[in-house]
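Peer 1: 3D, please:
(4 chains)
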Number of protein chains: 2
Amino acid sequence: MESSASIRRKITLNDIAAGCGVSRATVSLVLRGSPLVNKNTRARVEDELRRQGYVYNRAAANLRRRTSSSVALVLNDLANPFFAEFAAGVDEVLAEGEFVTLLGNTGESAEREQAVLGSLIEHGPGGIILSPAEGSDARHVLAAVGTQTPVLLFNRELGGSLPEYAHWDRLMLDNQRGAKLATQHLLEQGHRRIAFFGGHDDSSSVHQRLDGYREAMHEAGVDVLPHWRVETAPTRMDAARATEQLFAHDAAPTAAVCYNDAVALGLMLGLNQRGIKPGEDFAITGFDDVAEAAFSTPPLTTLATDPRARGRQAAQILLARLRNPQADATTTVAPVTLVIRESSAHPPRS
Amino acid sequence: MESSASIRRKITLNDIAAGCGVSRATVSLVLRGSPLVNKNTRARVEDELRRQGYVYNRAAANLRRRTSSSVALVLNDLANPFFAEFAAGVDEVLAEGEFVTLLGNTGESAEREQAVLGSLIEHGPGGIILSPAEGSDARHVLAAVGTQTPVLLFNRELGGSLPEYAHWDRLMLDNQRGAKLATQHLLEQGHRRIAFFGGHDDSSSVHQRLDGYREAMHEAGVDVLPHWRVETAPTRMDAARATEQLFAHDAAPTAAVCYNDAVALGLMLGLNQRGIKPGEDFAITGFDDVAEAAFSTPPLTTLATDPRARGRQAAQILLARLRNPQADATTTVAPVTLVIRESSAHPPRS
DNA sequence: CTGAAAGCGCTTACAG
DNA sequence: CTGAAAGCGCTTACAG
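Peer 2: Numbering: from 1, shown residues only, chains lettered A, B, ... in the order given. As a prediction, the model looks like this:
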């Protein structure tokens, strides 16, 4: 690296061509690994490339070739460890495929999602991986991204519906099966009065998990009482506050399938405050397997979703789409795994 | 949006110009908001832009103007909530400044860091925000990024040293002051035998926190015994395993300043296993204020670093650098705040 | 106020 | 095997 040269302006193919007496075209062929170039010429060019500290300008190449080497990753909540892991998985696979990740975080705001998509699309991503903000709808997303750029929808559906929307690939978690597994596990421990605790009913993932819970209860021939459904915001604090509602009526539950781990951990807090020992007097399951689940007191039975693997999977689906834009849209439902820990490992006590 | 048109090829300035009978140049001026354009012409062009569903090609504009509208964000561990929050803060400010975030995750591998930087630099970022992988060194980073692209170093220093390296901006946490505050707090509670627990001595942040701890002990006139320093990997499990080393000698500590929250939570685990009640029989402080700290049993006294605010700050420093490339390099030390909870709120008991 | 022309850094038929 | 030429989608002096 010639520091005197590199401090001034960027080195281009012209500099390399001039530096070793060949044409720009030949240097380009060398860079792209064409077999047409003479061995000797290639060596000479490669030396010169190194000598001048050449940096490939991928944007210029993309412009000329009408290709893209980026993928936009638009997340509803990057600060959530689940999505952070997901992003790490996406980036891992994209990087292997020589793509760069354009990051956008919407913070659960449909309005910001519009702005973020509108800005990212100007950078010409080859595709978009979108985990929608709450309340985001298909028409707005489509208006922002157009019909040229393939979209992979992760984690939730959009509101509204459009013909184009049906052509997008999807990667969803198996929410229904997960909640069913958790419910069946509690039934096997001997519980019959099982609540479904936390989350708001208007969310598509809450809906799916409720379905799984109901299905398991139905198959076991257990009637579900209305007060076994307690809605909360999907946060620890709100769940802790709502704990009392579980015990406000007769036939109080002896166990709860929680919407997610945050809610389950909040319920533990609320139970402790009432002198009820989670994992001894009351059985609990969560959903997500956050880092804390293995270390809570008691450790939390939950459903592992392996967000990093989901990220890798999402990137693979999108890369496949870029290779074959005409293929039919795919819907992938990712499996979730029941992880049994002490919070649920006992028969009913109350 | 004409779906028949938009399905085929991308709309360019030429299409718009042809569509309303002006030149490409005029359309460009409209797009860039030039005051030169006649009001009427502007309105006509803007209509046509909307009608054809034009999407600005920022890459082409950047090529022509020799500018960049992206910033690379290279993180040692995106899956860590601290860095995920940091990334969210960075992205927030960059988006406001009309920049897009190019994400790269190195997973704490210096080798991957090389590859990631080499790949990102080809996309022509205006600058790079780098939170180095462990063991990353200045020479390799400089070789990958060259001398043209400004770098902001976050969180840790690189190994090795080079003249160019000194010209990089820095944003570091006030590790020393944080550990000093924690130590002083324990001293005020009446503790004298205070350990420094966890982390490896070859890490620059461990080093700085140890310095703060020693400074506080020295100022209080308390001699530090060698066995009050226990090294561990900065993880919960390793910390739990190492707990016994605190009590292997006479004059065992009654409190510990922990390297970070993960280590502090692990120490709680280890203490509980030995029948020692953290927060009653033994005082503990952490560092980071992870989400879990407020909910552990007992809640953990720790140092809040506000990673999202750090991210915003990092982006602001880098944007300032892009506006003024010639300004002197800056070093910013971000404050940390002691958050007192129950894990440390008592005098020595043993 | 508007248009013709040159050029950002690359790639790719096409000749030779 | 190599070079001259055209062109990706923009911007920007420069004329008029």
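Peer 1: quick one: the helices in chain A?
Peer 2: Listed in chain order, the helices of chain A (DSSP state H) span A:3-7, A:13-20, A:24-31, A:39-52, A:58-65, A:81-96, A:110-121, A:138-145, A:175-188, A:204-219, A:236-242, A:261-273, A:307-323.
Peer 1: Mean neighbour count added to these, as TSV?
Peer 2: All C-beta spots, glycine's among them, are computed from the backbone N, C-alpha and C. What follows is these, written out as TSV (neighbours: other Cβ atoms under 10 Å in any protein chain shown):
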stretch	mean neighbour count
helix A:3-7	12
helix A:13-20	18
helix A:24-31	18
helix A:39-52	16
helix A:58-65	16
helix A:81-96	24
helix A:110-121	20
helix A:138-145	19
helix A:175-188	22
helix A:204-219	19
helix A:236-242	20
helix A:261-273	24
helix A:307-323	20
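Peer 1: would you turn the ones you listed into CSV with distance to B:A84 and mean pLDDT?
Peer 2: Shown next, in CSV, are the helices of chain A (distance: least, Cβ to Cβ, whole Å; pLDDT from 0 to 100):
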stretch, distance to B:A84, mean pLDDT
helix A:3-7, 35, 37
helix A:13-20, 39, 90
helix A:24-31, 36, 91
helix A:39-52, 37, 91
helix A:58-65, 27, 96
helix A:81-96, 3, 96
helix A:110-121, 17, 96
helix A:138-145, 24, 93
helix A:175-188, 23, 98
helix A:204-219, 21, 96
helix A:236-242, 18, 94
helix A:261-273, 16, 95
helix A:307-323, 12, 97
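Peer 1: Out of these, the one nearest chain B is which?
Peer 2: The closest of the helices of chain A to chain B is helix A:81-96. By Cβ to the nearest Cβ, the value is 3.5 Å.
Peer 1: Which other helices and strands does the closest one contact?
Peer 2: Under the contact criterion of 3 or more Cβ pairs under 8 Å, 6 or more residues apart in numbering or on different chains; DSSP states H and E, the helices and strands touching helix A:81-96 comprise strand A:70-75, strand A:100-105, helix A:307-323, helix B:81-96, strand B:100-105, helix B:110-121.
Peer 1: closest to A:R236 out of these?
Peer 2: helix B:81-96 (14.6 Å; Cβ to Cβ).
Peer 1: Apart from its neighbours in sequence, what residue is nearest A:R308?
Peer 2: Across the structure, with Cβ to Cβ, 6 or more residues apart in numbering or on different chains as the measure, the residue nearest A:R308 apart from its sequence neighbours is A:G89 (4.0 Å).
Peer 1: Tell me who's in contact with that neighbour.
Peer 2: Shown in contact with A:G89 (Cβ atoms under 8 Å, 6 or more residues apart in numbering or on different chains): A:P307, A:R308, A:A309, A:R310, A:G311, A:R312, A:Q313, A:A314, A:A315.
Peer 1: got the helices and strands packed on helix A:81-96 as CSV, with distance to DNA strand D columns?
Peer 2: As requested, the helices and strands packed on helix A:81-96 are exported to CSV (distance: least, Cβ to the nearest atom of the strand, whole Å):
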stretch, distance to DNA strand D
strand A:70-75, 16
strand A:100-105, 18
helix A:307-323, 18
helix B:81-96, 19
strand B:100-105, 16
helix B:110-121, 20
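Peer 1: between those, which gets nearest to DNA strand C?
Peer 2: Ranking those by their distance to DNA strand C (criterion: Cβ to the nearest atom of the strand) puts helix B:110-121 first, at 11.6 Å.
Peer 1: Now A:T302: closest residue in space, sequence neighbours ignored.
Peer 2: Once flanking residues are discounted, A:T302 sits nearest to A:G286: 3.8 Å by Cβ to Cβ, 6+ apart.
Peer 1: So the one you found sits against A:V263, correct?
Peer 2: Yes. Here A:G286 lies in contact with A:V263, judged by Cβ atoms under 8 Å, at a distance of 7.3 Å.
Peer 1: circling back: would you turn the contacts of A:G89 into TSV with distance to B:T302?
Peer 2: Output for the contacts of A:G89, formatted as TSV (distance: Cβ to Cβ, whole Å):
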residue	distance to B:T302
A:P307	26
A:R308	27
A:A309	31
A:R310	31
A:G311	29
A:R312	33
A:Q313	36
A:A314	34
A:A315	35
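Peer 1: Tell me how many other residues crowd A:H167.
Peer 2: Using other Cβ atoms under 10 Å in any protein chain shown, the number of residues around A:H167 comes to 12.
Peer 1: Could you report the pLDDT at the closest residue to it other than its chain neighbours?
Peer 2: With Cβ to Cβ, 6+ apart as the criterion, A:H167 has its nearest non-adjacent residue at 5.0 Å, and that residue is A:A329. Among the per-residue scores, A:A329 holds a pLDDT of 94.
Peer 1: Looking at the helices and strands packed on helix A:81-96, which is nearest to A:G53?
Peer 2: Comparing those under Cβ to Cβ, the one sitting nearest is helix B:110-121, at 11.2 Å.
Peer 1: what's near enough to touch the residue nearest to A:A248 when sequence neighbours are not counted?
Peer 2: Closest residue in space to A:A248, ignoring its immediate chain neighbours: A:H227 at 6.8 Å, by Cβ to Cβ, 6+ apart. Shown here is A:H227, whose contacts under the criterion Cβ under 8 Å, 6+ apart are A:Q245, A:A248, A:H249.
Peer 1: what does A:G190 give?
Peer 2: Applying Cβ under 8 Å, 6+ apart to A:G190 gives the contacts A:P347, A:P348.
Peer 1: now with 10 Å?
Peer 2: If you count contacts by Cβ atoms under 10 Å, 6 or more residues apart in numbering or on different chains, A:G190 has them with A:T254, A:A255, A:A283, A:H346, A:P347, A:P348.
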